[in-house]
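predicted model and sequence below, questions to follow.
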There are 2 protein chains.
Amino acid sequence: MKIVTVEAPVNIAVIKYWGKRDEELILPINDSLSATLSTDFMCAKTTILASPLLKEDVFWLNGKQQSLDNPRLQNCLKEIKRRTNLESPILNWNISICSINNFPTAAGLASSAAGYAGLVAALAALYNIEGDITGVARVGSGSACRSLYGGWVQWNKGITSTGEDSIAHQIAPLSHWPEMKVLILVVNDERKKYSSTSGMKKSVETSELLPFRANTVVPKRIEAIKEAILKKDFETFAEITMKDSNSFHAICLDTLPPCVYMNDVSHAIVDVVHQYNAIKNSHKVAYTFDAGPNACLFLLESEVDEFLSVINYVFQPPTDLKTLEYIRGIKTEPKIIKDELKLSFEPKQQKPGFLKFIIHTTVGNGPRIIEDPENHLLTNEGLPKDL
Amino acid sequence: MKIVTVEAPVNIAVIKYWGKRDEELILPINDSLSATLSTDFMCAKTTILASPLLKEDVFWLNGKQQSLDNPRLQNCLKEIKRRTNLESPILNWNISICSINNFPTAAGLASSAAGYAGLVAALAALYNIEGDITGVARVGSGSACRSLYGGWVQWNKGITSTGEDSIAHQIAPLSHWPEMKVLILVVNDERKKYSSTSGMKKSVETSELLPFRANTVVPKRIEAIKEAILKKDFETFAEITMKDSNSFHAICLDTLPPCVYMNDVSHAIVDVVHQYNAIKNSHKVAYTFDAGPNACLFLLESEVDEFLSVINYVFQPPTDLKTLEYIRGIKTEPKIIKDELKLSFEPKQQKPGFLKFIIHTTVGNGPRIIEDPENHLLTNEGLPKDL
């Protein structure tokens, strides 16, 4: 019997992945680049047990038993087993997988990247795989490959048809720019969701702007933002981050039918950020939006309290939440907005609850193997402990 | 003394004008193509009186006296006078201009195209200008040049630096496709407005996708939509119209800071149109959005009643309006939505008043000189009659 538990992070792309050149192998049409977020506030936790006593492979996700018949999950398992030493007895044992994520429910935060990164990191530890495993996570969920490293991570699109060069690598570790903080503004949304998988497929089929973005716009941005990160040049980093988020949503809108992920509240947040930066006469805050309405804001530690004073001035928290539940994560010192800032913003223009809550977090490390047996999610019989 | 009155139409672009290559001469970076709308429901009416008795040039707009010091207005006047026979005594007379538009107030419908088209058509009649005058209207407000013809009109971007080839011409008259109707869904909007002049300037400065749209995407669309119009191929016309509207708003979003003109209600209308077309298994309705949240829908006469039954099912009219005030323009036969359509739409999902009202109109003719002296807006002394 062998058991492994891993905690894996989410990541937020500052240069976005949108569009595949191979649907099956999940090969993208452009490079992307992301920051890995701390697992302290958002992570997927995965325990895998391999045992000769298990009658069959089983999979538990957030407390519910799931079929293993999912082709993406199967692709990951197949690829891991292909890389395993053929003499390893464990290859013949069945496995039990148990995965949970600690994301606030109903936040609409993408969990598949952390989920597949955790799964693949745990499988790699279980089967003693050496070398790159980001290509294995990629076939589970494209952007999961970027969650296998901490700090700042680039996913190379690769050029081969088999995808062995479509892997992720670290640009800079967390320690390079520890002042970088992240605010996730979770936005209420009543629109029906478009899945990003089908959205990006439709974009590839119908957007005439997409190839230009992928082939001409993104390659320059990748180089420029890498340089900005390595120089810790927040101003340039912020400008490219905002431009690429806008460019990605522009492509979504250029799709037929259009994929619209940002809503009026998202755009109101964009307005607040630009207004704040205009007052400060430089980019102090950068927004980026994934395939949903939530804003992910990058800003340096020194700016967090003041910027939150503006957010609290413009947006009314839901009436039924206490402050601690509204701003979660790293503790902040609530501040009253300065008078000179008040002049530039409209107070409480948005109805209460347009922002559900805020997560204050930081760039973080990659997946972490948890040694303490107390922390395994499975019993030695392969059943979830909390069943 | 000489007096002329003109009624001029608005036009709705199906291939959008966005971005200038010359700010002063208003020379665009791409061709655009529009339908002129009937003056029956939306028009600008302009009377110009020239008289040796007038002490100075005066200008009345919607009942209020305005300065003539506006550089765009001056450019139009200068260009008209440059083209006038030097021996004409009228050249030395002062003029009084009076212009009103009959658009529903607070609708956020662009009036400058109709306004400048009317001004220039009236000036041309007053000063006996012969030949093309669309280049004169263009220096007042770019898209005004397209309002000088009825039916379907193309504005050539031109290639000269002086702009004499940046003029509009008719592709097909109203009589070519009289079945084409238009619904304008006027949407409530609480966001602050970005002017389209400064918006397109910012796009030229910051959007990396814009040159590709202007140089590569639009030229192909212009040819394809002209062919579709000439063949009365609604399916192709609708697809290109929707794609170009989306592409234009994509460019706006790709601008830094982004120009966001569509809001959640606009996007809800887009969803309804795509859903309706999906049920009908072909494009029966096409949307296009200008620099604002209002939807302009093209559809054939045979489709109007049924599509309106869906709009009335999905959107609740404002509670304080009567039906006649809610659907204006060409009379419609109110229909109850068919049961098989009900299944595909959510009833009354939007709050009442998200749509302010609807204008049902049609493609129409160009500016019209009004002979009846009763209809002049000015007295022989050059004062507004309703003053």
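The structure has been received and is ready for your questions.

can you give me the helices in chain A?
A:71-82, A:112-126, A:134-140, A:196-206, A:210-212, A:218-230, A:234-253, A:264-280, A:304-314, A:323-326, A:339-342 (DSSP state H).

export the ones you listed to TSV and tack on distance to chain B, mean neighbour count and mean pLDDT?
Just so you know, the C-beta spots here come from the backbone N, C-alpha and C atoms, and that holds for glycine as well. Output for the helices of chain A, formatted as TSV (distance: least, C-beta to the nearest C-beta, whole Å; neighbours: other C-beta atoms under 10 Å in any protein chain shown; pLDDT from 0 to 100):
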stretch	distance to chain B	mean neighbour count	mean pLDDT
helix A:71-82	27	16	94
helix A:112-126	24	27	96
helix A:134-140	27	26	97
helix A:196-206	8	18	95
helix A:210-212	4	19	98
helix A:218-230	8	18	98
helix A:234-253	4	25	98
helix A:264-280	4	20	96
helix A:304-314	13	19	95
helix A:323-326	24	11	77
helix A:339-342	18	12	91
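
closest one to residue B:157 among those?
For residue B:157, the closest of the helices of chain A is helix A:210-212, at 19.8 Å, according to C-beta to C-beta.

so how far is that closest one off the chain centroid?
24 Å (C-alpha atoms, centre = their mean, to the nearest Å).

circling back to that earlier point, redo the helices of chain A as TSV? Include distance to residue A:21.
Listed next are the helices of chain A as TSV, based on distance: least, C-beta to C-beta, whole Å:
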stretch	distance to residue A:21
helix A:71-82	17
helix A:112-126	20
helix A:134-140	13
helix A:196-206	8
helix A:210-212	11
helix A:218-230	13
helix A:234-253	15
helix A:264-280	29
helix A:304-314	39
helix A:323-326	42
helix A:339-342	46
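
tell me the contacts of the closest residue to residue A:247 other than its chain neighbours?
Nearest residue to residue A:247 in three dimensions, chain neighbours excluded: residue B:254, at 5.2 Å (C-beta to C-beta, 6 or more residues apart in numbering or on different chains). For residue B:254, the contact set (C-beta atoms under 8 Å, 6 or more residues apart in numbering or on different chains) comprises A:243, A:246-247, A:250, B:203, B:206-210.

same question, residue A:276
Here residue A:276 is in contact with A:284-285, A:307, A:310 (C-beta under 8 Å, 6+ apart).

and if we set it to 6 Å?
A:285, A:310 (C-beta atoms under 6 Å, 6 or more residues apart in numbering or on different chains).

for it, give its distance to residue A:296.
Distance, residue A:276 to residue A:296, using C-beta to C-beta, to the nearest Å: 16 Å.

how about residue A:202?
23 Å.

could you do residue A:77 as well?
For residue A:77, the distance to residue A:296 - C-beta to C-beta - is 31 Å.

and if you look at residue A:229?
With C-beta to C-beta as the criterion, residue A:229 and residue A:296 are 16 Å apart.

over to residue A:318?
The gap separating residue A:318 from residue A:296 is 20 Å, by C-beta to C-beta.

neighbour-wise, which of these two wins?
residue A:296 (24 against 15; other C-beta atoms under 10 Å in any protein chain shown).

so that one sits right up against residue A:12, yeah?
Yes: the pair formed by residue A:296 and residue A:12 meets the contact definition of C-beta atoms under 6 Å, at 4.9 Å.

returning to what we had before: so which of the helices of chain A gets nearest residue B:221?
Of the helices of chain A, nearest to residue B:221 by C-beta to C-beta is helix A:196-206, at 13.4 Å.

what comes into contact with that closest one?
Contacts of helix A:196-206 (C-beta under 6 Å, 6+ apart): A:18-19, A:210, A:251, A:255-256, A:259, A:291.

got the angle for that helix vs helix A:71-82?
100 degrees (axes from the mean of the first three to the mean of the last three C-alpha atoms, to 10 degrees).

check which residues of stretch A:83-95 are buried.
Applying a neighbour-count criterion of 16 or more other C-beta atoms under 10 Å in any protein chain shown, one finds A:83-84, A:90, A:93, A:95 buried in stretch A:83-95.

leaving out chain neighbours, which residue sits closest to residue A:81?
Nearest non-adjacent residue to residue A:81, counting by C-beta to C-beta, 6+ apart: residue A:91, 6.4 Å away.

please apply the same query to residue A:164.
residue A:135 (6.5 Å).

my guess is the one you found contacts residue A:167. True?
Yes: counting by C-beta under 6 Å, residue A:135 does reach residue A:167; the two are 4.8 Å apart.

residue contacts, the residue nearest to residue A:79 when sequence neighbours are not counted?
Closest residue in space to residue A:79, ignoring its immediate chain neighbours: residue A:136 at 4.8 Å, by C-beta to C-beta, 6+ apart. Contact partners of residue A:136, counting by C-beta under 6 Å, 6+ apart, are A:76, A:79-80, A:120.

residues touching residue A:1, list them.
Residue A:1 neighbours (C-beta under 6 Å, 6+ apart): residue A:51.

8 Å - rerun?
Counting by C-beta under 8 Å, 6+ apart, residue A:1 has contacts A:49-53, A:380.

and those, which of them are buried?
Neighbour-count burial (16+ other C-beta under 10 Å) applied to the contacts of residue A:1 gives A:49-51.

looking at the residues you listed, which one is closest to residue B:141?
residue A:49 (71.3 Å).

can you name the residues bridging to the closest one?
Counting by DSSP bridges, residue A:49 forms beta bridges with residue A:3, residue A:96.

so it sits against residue A:385, correct?
No: using C-beta atoms under 8 Å, residue A:49 makes no contact with residue A:385, being 11.4 Å away.
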